[in-house]
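Q: My questions are about this predicted structure, shown below with the sequence.
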Amino acid sequence: QVQLVESGGGLVQAGGSLRLSCAASGRTTSDYDMGWFRQAPGKEREFVARINWAGGRIYYTDSVNGRFTISRDIAKNTVYLQMNSLKPEDTAVYYCAAGDPVVRGMSPYYWGQGTQVTVSS
């Protein structure tokens, strides 16, 4: 089992920044890629970004590319999502996930509990 705990959500004005954190624990966490998904009200959960623990393989969905940065701290077993130039359409519950990379996304096996991000206009 892999346990994921997110933190760092909140309310921010459009154009602002937030950094989400995801602390991972459990057996063989390094076997999986780590990523972020989000779900806005009334919409399906969508992939945002992923990274492998070695750090050499990163992928972003088009809508956040150039504004969001995913990174990881191996010593802390923590993955981060730095979100800049936030837009109201970024408002969603953001979920950390562990899983396998797939073309243009990720196949998650484990989920965190989610953290709310609200961007006001």
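A: Here it is on my side, so go on.
Q: three-state assignment of the spatially most central residue of the chain?
A: The centroid of the chain falls nearest to residue 36 when counting by Cα atoms, centre = their mean (2.4 Å). Following DSSP: H, G, I helix; E, B strand; the rest coil, we place residue 36 in the strand state.
Q: Which residue is the nearest non-sequential neighbour of it?
A: Excluding its sequence neighbours, the residue lying closest to residue 36 (Cβ to Cβ, 6 or more residues apart in numbering) is residue 48, at 4.3 Å. C-beta here means a position set from N, CA and C on the backbone, and glycine is covered the same way.
Q: Now for that neighbour, how many residues are close by?
A: 26 (other Cβ atoms under 10 Å).
Q: Report the beta-bridge partner residues of the residue nearest to the centre of the chain.
A: As for beta bridges, residue 36 partners with residue 49, residue 96 under DSSP bridges.
Q: Double-check it against residue 49; I have them as touching.
A: Yes - counting by Cβ atoms under 8 Å, residue 36 touches residue 49, with 5.2 Å between them.
Q: Give me the common contacts of the two.
A: Common neighbours of residue 36 and residue 49 are listed as 70, 81 (criterion: Cβ atoms under 8 Å, 6 or more residues apart in numbering).
Q: Average pLDDT for the helix or strand residue 12 falls within, rounded please.
A: Element membership for residue 12, per DSSP states H and E: strand 10-13. Strand 10-13 shows a mean pLDDT of 98.
Q: what about residue 53, neighbour count?
A: Using other Cβ under 10 Å, residue 53 is surrounded by 17 other residues.
Q: On the three-state scheme, the residue nearest to it when sequence neighbours are not counted is what?
A: Closest residue to residue 53 apart from its sequence neighbours, by Cβ to Cβ, 6+ apart: residue 30 at 4.7 Å. Under three-state DSSP, the three-state class of residue 30 is helix.
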